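1. Next one to model:
(2 chains)
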Amino acid sequence: MWRSCLRLKDWGHCLRNQPPGGLAASVGPWPTRLSPARAYVPPTERKRFYQNVSITQGEGGFEINLDHRKLKTPQAKLFTVPSEALAIAVATEWDSQKDTIKLYTMHLTTLCNTALDNPTQRDKDQLIRAAVKFLDTDTICYRVEEPETLVELQKNEWDPVIEWAKKRFGIEVGSSTSIMGPSLPARTRKVLTSHLASYNTWALHGIEFLVTQLKSMLLALGLLDLHLTVEQAVLLSRLEEEYQIQKWGNIEWAHDYELQELRARTAAGTLFVHLCSESTTVKHKLLRE
Amino acid sequence: MGGGGVGNGVGRRRSPGCGKDRKMAALGSPSGTLRGLLRELRYLSAATGRPYRDTAAYRYLVKSFRAHRVTSEKLCRAQHELHFQASTYLCLLRSIREHVALHQEFHGMGERSVEESAGLVGLKLPSQPGGKGWEP
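-> Numbers count the residues shown, from 1 in each chain, chains lettered A, B, ... in the order given. Next up is the predicted model:
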């Protein structure tokens, strides 16, 4: 039995014999031979190879420099962002890597790479359609029937968000306990589609990311409208888990781990959308400087 | 995470006044947010060893907080937007730090070798003098 298990593990590695696409700071190539001691060796992490991170303004926008090298996306395009604040945040991410580069902590960089490269090759309409489609399976609209306390909790916490969305957009959204989900009138979809169309493509990548992380379109809209904070939105998204944690106890290495990761991704997505869609103008008053 | 438990969630805040007050209450005070951000920047700058006041992030944050303090109260929406973005960024930095710390503490060891896994249940791998057939 041991022999067959080891052989299966072997096959997995033989299939993965090409290194992943050339990210300027990607992790090293996969090991193509099994080392005898371990069946699985994690890929070697790229060491921090730069001392200074700086920002320069080019024609397309702001660029990040690692020492003297310009940062590039995984598809080898030049990494340019339209907003200075976003560039500073990305530079801070790169600057905060200690010894090894942990790409999984650099959420803003990943989002910018996705927006620049568009690896799934989706245009604005497809992104909007993907986000609005989530409304059919929105977490907030799906209620349980028992236990009683959880039903009560869902009503108290999620109903206000639905009410806010109804008032803000003038749409009809219901909640349901059946597996078929709530029935959404076509007007709701149209209103939300036109609302999302007012965002640019970069922001839409961020919005789609947010919706996928929170598993709810309405919560993402609440975040974008500054109606909910990130902590509140994450709490509402994980409402049932929090309920169970309160009842049965918290497991730090699983619950807290997932919570912090969800918070990080949601915060990154929200910040990304806001920074991509804002434009700052400074109006000087005549009486003061 | 969620200090008072789930009961103190969003729906329970019934403060009177305009909705903005309620939102501001959830965000905290701007000075608190700024203090938290500076603390996070201090932790991050431990990676390079350079003082955190040298970083572009510090300069930008201080500049924007100062600039928006001067605006009149009528433009409270812009102030609120900046505060929201700042507190979102604070949440981002904080949760990344905690996530990495949790990862180091609980998941940093990597995978056990086959020998160790067998040893967990009290088994030993068989030793074959000729070596196994498919190994190079």
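
2. From A:Gly222, how far off is the closest residue to A:Leu214 other than its chain neighbours?
-> In space, and not counting its chain neighbours, A:Leu214 is closest to A:Ser237: 4.5 Å by C-beta to C-beta, 6 or more residues apart in numbering or on different chains. Where you see a C-beta, it was placed from the backbone N, CA and C, and this is true even at glycine. Remark: distance between A:Ser237 and A:Gly222 (C-beta to C-beta, to the nearest Å) = 11 Å.

3. now do A:Lys167
-> 12 Å.

4. show me where pLDDT drops low in the chain?
-> No chain in the question, so chain A it is. For chain A, the stretches with pLDDT under 70 are A:1-44, A:279-289.

5. actually it's chain B I care about, not the one you picked
-> Using pLDDT under 70, chain B drops low at B:1-25, B:70-76, B:131-132, B:135-136.

6. what about the helices in chain B?
-> B:19-27, B:30-44, B:56-69, B:76-107, B:114-120 (DSSP state H).

7. List just the one of the ones you listed that sits closest to A:Gly249.
-> Closest of the helices of chain B to A:Gly249 is helix B:76-107, at 16.3 Å (criterion: C-beta to C-beta).

8. helices and strands around the closest one, which ones?
-> helix A:107-117, helix A:230-237, helix A:257-277, helix B:19-27, helix B:30-44, helix B:56-69 (3 or more C-beta pairs under 8 Å, 6 or more residues apart in numbering or on different chains; DSSP states H and E).

9. need the residues of the stretch 101-250 of chain A near chain B, please.
-> A:102, A:105, A:107-108, A:153, A:156-157, A:159-161, A:226-232, A:235-236, A:239, A:242-243, A:246, A:250 (C-beta under 8 Å from any C-beta of the partner chain).

10. Can you flag the buried ones in those residues?
-> Buried by 16 or more other C-beta atoms under 10 Å in any protein chain shown: A:102, A:105, A:107-108, A:153, A:157, A:160-161, A:226-232, A:235-236, A:239, A:242-243, out of these.

11. returning to that earlier point: please identify the deepest-packed of the helices of chain B.
-> With neighbours defined as mean count of other C-beta atoms under 10 Å in any protein chain shown, the helices of chain B peak in mean count at helix B:76-107, which reaches a mean of 19.

12. what's the angle between it and helix B:30-44?
-> Per axes from the mean of the first three to the mean of the last three C-alpha atoms, to 10 degrees, the angle that helix B:76-107 makes with helix B:30-44 is 40 degrees.

13. Helix B:76-107 to helix B:56-69, inter-axis angle?
-> Going by the same axes, to 10 degrees, helix B:76-107 makes 150 degrees with helix B:56-69.

14. Show me how far helix B:76-107 is from its chain's centre.
-> 4 Å (C-alpha atoms, centre = their mean, to the nearest Å).

15. quick one, what contacts the spatially most central residue of chain B?
-> Note on chain B: the residue nearest the mean C-alpha position is B:Ser95, at 1.6 Å, using C-alpha atoms, centre = their mean. By C-beta atoms under 8 Å, 6 or more residues apart in numbering or on different chains, the residues touching B:Ser95 are A:Gln260, A:Glu261, A:Arg263, A:Ala264, A:Ala267.
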